[in-house]
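> Quick one, what's the 3D model for this:
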Amino acid sequence: MNHDLPIIIIGCPRSGTTLLRRLLAAHPQIDCPGESFLLRAAVRFLSGETVAEGIDYGPFGGLGALGFSRDEVKARLRDFTLSFHRDLAAKAGKRRYAIKTAVDSFYLPELLDLLDGQARVVCLVRHGGDVAVSLSEFTEKMEGPIAELMPFLNQHRRFMPAWTAAWAKVTTDMLDAAEAHPDHVFGLRYEDLVEEPEGVLGELFDFLDEPCDVPALLAEAFRPKDVHGLGDYKTFATKGLEKGSMGRWEQLPERIKAELAPIANPVLERAGYAPIAADAGSGDAMRLHELAMMYNNAKGSGE
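Numbering: from 1, shown residues only. Model prediction:
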């Protein structure tokens with residue numbers, strides 16, 4: 001195995017990817033800086049659209065017509081994109097680098113195509129209820145949703161079901177990738193990482209083929225240090241692995257759980273979680289809530 005292959009961290013926003021970044025960055029041979037948004041930009045750059053007679057209006061179509069193969073286009077873009085992180089790792093005096101930008105998770109199939117097996121991808125899964133709760137809080141703090149969440153909000157209209165649907169899509173992509181590409185995609189659960197860090201990290205570094213003293217890494221990860229670049233600075237203020245943020249979804253009202261259950265449960269069970277148990281009597285409450293929402297919307301529009 002190539003010990004210098006880049007490491008790509010994938011996980012739905014608010015699922016613990018910054019924690020994983022912090023842990024990987026504590027390794028003496030791995031650099032994991034702040035969010036660069038390079039991979040998202042790269043797959044967007046390659047996007048195109050099919051027009052008349054099947055012509056691809058995009059870089060693959062345009063450059064293909066000029067004699068450049070799809071593989072060559074991907075290789076050149078991949079090298080350019082990763083070169084920034086190579087330089088950052090060299091500056092940090094480290095041999096290898098990891099890339100973490102949470103929104104990359106919305107483009108995983110396209111990223112796998114771009115990377116073409118030339119990276120090790122680590123997929124972090126967290127319970128969908130907790131992710132939805134945290135995304136709702138994050139959206140309020142940011143005074144609006146990030147662009148990748150808008151299609152889900154347009155479909156579901158309210159935050160909690162929309163964010164749960166976004167989590168379900170991203171998590172399904174991660175589970176599919178781990179099953180289809182076990183040689184270069186590794187899946188782990190946030191809850192397992194927090195509950196059994198030494199065992200989970202041992203398996204992770206075995207997959208990365210990177211020797212690691214896990215107890216020493218954990219001690220280094222939570223040592224105070226200066227943090228540069230974009231990311232969740234709150235995570236870097238913690239002094240250890242914290243369990244307090246797990247299971248917050250259980251405090252949701254029953255009507256909300258009843259709404260989330262059909263969206264989340266198939267993916268939760270596939271990922272090894274228990275399904276969300278919704279109160280059988282919550283359906284009437286949900287209907288009353290929907291009617292009240294319809295009434296208020298109609299009243300506000302002057303109908």
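
> Could you report the pLDDT at residue 54?
pLDDT for residue 54: 80.

> same question, residue 231
The pLDDT attached to residue 231 in the predicted structure is 81.

> Same check on residue 202?
98.

> neighbours around the nearest residue to it once chain neighbours are set aside, how many?
Spatial nearest neighbour of residue 202, excluding adjacent residues (CB to CB, 6 or more residues apart in numbering): residue 214 at 5.6 Å. The C-beta positions use only the backbone N, C-alpha and C, and glycine is treated the same way. Residue 214 is flanked by 17 other residues according to other CB atoms under 10 Å.

> next one: residue 197
Residue 197 - counted by other CB under 10 Å - has 18 other residues nearby.

> and what of residue 234?
So residue 234, with other CB under 10 Å, has 8 neighbours.

> Could you list every helix and strand in contact with the host helix or strand of it?
Element membership for residue 234, per DSSP states H and E: helix 233-236. Judged by 3 or more CB pairs under 8 Å, 6 or more residues apart in numbering; DSSP states H and E, helix 233-236 is in contact with helix 17-25.

> backbone phi and psi for residue 96, please?
Phi and psi for residue 96, reported as degrees, to the nearest 10, are phi -130, psi 160.

> residues touching the nearest residue in space to residue 56 that is not next to it in sequence, list them.
Of all residues not flanking residue 56 in the chain, residue 48 sits nearest, at 4.7 Å (CB to CB, 6+ apart). Taking CB atoms under 8 Å, 6 or more residues apart in numbering, we find residue 48 in contact with 56-61.

> Of the residues you listed, just the buried ones, ChimeraX syntax please.
Selection of buried members from these for ChimeraX, criterion 16 or more other CB atoms under 10 Å:
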select :56,59,60,61
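
> Let me know the closest of the contacts of residue 48 to residue 251.
Set against residue 251, the nearest of those by CB to CB is residue 58 (46.0 Å).

> Is it correct that the closest one is in contact with residue 44?
No - the criterion here is CB atoms under 8 Å, and residue 58 misses it with residue 44 at 10.4 Å.

> ok so, going back, tell me how far the residue nearest to residue 202 lies from residue 238.
Residue 214 is 18 Å from residue 238, where distance means CB to CB, to the nearest Å.

> what do you get for residue 225?
From residue 225 to residue 238 the distance is 13 Å (CB to CB).

> same thing with residue 124?
Going from residue 124 to residue 238 by CB to CB gives 17 Å.

> The two - which one has more neighbours?
Neighbours per residue (other CB under 10 Å) separate residue 124 from residue 238, with residue 124 holding more: 24 against 12.

> Would you agree the more buried one falls within a helix?
No - counting by DSSP: H, G, I helix; E, B strand; the rest coil, one finds residue 124 to be strand, located in no helix.

> For it, list each beta-bridge partner.
Under the criterion DSSP bridges, residue 124 forms beta bridges with residue 188.

> wait, isn't it in contact with residue 18?
No - the criterion here is CB under 8 Å, and residue 124 misses it with residue 18 at 10.2 Å.

> The stretch 51-200 of the chain: helices as residue ranges?
In the stretch 51-200 of the chain, the helices defined using DSSP state H, counting those that start in this stretch lie at 59-65, 70-91, 108-115, 128-142, 150-156, 159-180, 190-195, 197-207.

> Report all helices and strands that the last one contacts.
Contacts defined by 3+ CB pairs under 8 Å, 6+ apart place helix 197-207 against strand 120-125, strand 185-189, helix 190-195, helix 214-221.

> which of the ones you listed sits most buried?
Counting by mean count of other CB atoms under 10 Å, strand 120-125 has the highest mean neighbour count of the helices and strands packed on helix 197-207, with a mean of 25.

> Centre of the chain to that strand, how far?
From the chain centre to the centre of strand 120-125 is a distance of 8 Å (CA atoms, centre = their mean, to the nearest Å).

> average pLDDT for that strand?
In this model, strand 120-125 has an average pLDDT of 98.

> what is the orientation angle of that strand with helix 17-25?
Counting by axes from the mean of the first three to the mean of the last three CA atoms, to 10 degrees, strand 120-125 points 140 degrees away from the direction of helix 17-25.

> Let me see the residues that make contact with strand 120-125.
With contacts defined as CB under 8 Å, 6+ apart, strand 120-125 is touched by 5-11, 15-17, 20, 98, 108, 111-112, 115, 171, 174-175, 177-178, 181, 184-190, 193, 204, 207-208, 271.
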